[in-house]
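> Quick one: sequence plus predicted model below, questions after.
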Amino acid sequence: MPPKGSTRKKASAAPSAEGTATPQVPTLGEQLSNLSAPRPFKNPAYTKNASRRTKNLKTVLGQERERERLERERRRAEREEVMEVDGTVADAPANTAAEDEMTSYLSIEAPPSVLPQRRYCDITGLEAPYTDPITGLRFHDKSIYELIKGLSASAAKDYLAARGVNPIVK
């Protein structure tokens, strides 16, 4: 099916000598059109589940806190059972403190990165593979280095102080 408006209105086709009309040849745009092509990425049997509700962040975090609290209480009850068997105190597990800390959305702690700290240009904020040996300023490329060479000592100290480095200018 050609797109709308792509065919020109023609005057009635003149019948040829045999009395039949000439067939209409599709234009290049009609030949390359994908409008009539099937769309396999759409599932025709798909129906949206109307009974499923989305939860906001506050609800998810509240449920996570509640799950974590119930898990802690369950572990505490198990430890108390183990400790009081027939009126005698049994050996308690050694790593009870480690068991109390569950990993959840609220208690994620990551170790420090093993990758080297990234260095950024003191002038532009882009990654800085180079350092000026005289001022100690980091720079991104040679155009920034030209600018750093023209800086006064006090301006270089200000840039270093902004980065949090003890400004020692040689």
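Alright, I've got the coordinates.
> Point out where the protein drops to low pLDDT.
1-20, 84-110, 167-170 (pLDDT under 70).
> do that again at 80, thanks
Low-confidence segments of the chain (pLDDT under 80): 1-21, 35-36, 38-42, 44, 50-52, 82-112, 166-170.
> Helices along that one, start to end?
With helices called from DSSP state H, the chain shows them at 28-32, 57-83, 96-100, 142-149, 153-163.
> mind listing what's buried in the fourth one?
By neighbour count, and taking 16 or more other C-beta atoms under 10 Å as the criterion, the buried residues in helix 142-149 are 144, 148. Where C-beta positions appear, they are placed from N, C-alpha and C, glycine not excepted.
> Take that helix, keep the C-alpha atoms, and write them as PDB.
Taking Å, rounded to 0.1, in the frame of the first residue of the first chain, the C-alpha atoms of helix 142-149 are listed here in PDB:
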ATOM      1  CA  LYS A 142      49.500  21.800  24.700                       C
ATOM      2  CA  SER A 143      47.200  24.800  24.300                       C
ATOM      3  CA  ILE A 144      46.500  24.700  28.100                       C
ATOM      4  CA  TYR A 145      50.200  24.300  28.700                       C
ATOM      5  CA  GLU A 146      50.800  27.500  26.800                       C
ATOM      6  CA  LEU A 147      48.200  29.200  29.000                       C
ATOM      7  CA  ILE A 148      49.900  27.800  32.200                       C
ATOM      8  CA  LYS A 149      53.300  29.100  31.100                       C
END
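> just how off-centre is it within its chain?
Counting by C-alpha atoms, centre = their mean, to the nearest Å, helix 142-149 is centred 35 Å from the centre of its parent chain.
> for stretch 126-143, same thing?
On C-alpha atoms, centre = their mean, the centre of stretch 126-143 falls 30 Å from the chain's centre.
> Check the separation of the first and last residues in it.
Distance across stretch 126-143, first residue to last, is 13 Å (C-alpha to C-alpha, to the nearest Å).
> ok, now stretch 147-155?
11 Å.
> Residues touching it, excluding its own?
123, 132, 135, 137, 139, 156, 159, 169 (C-beta atoms under 8 Å, 6 or more residues apart in numbering).
> Let's see if you can find the most crowded of the residues you listed.
The most crowded member of the contacts of stretch 147-155, judged by other C-beta atoms under 10 Å, is residue 137 (26 neighbours).
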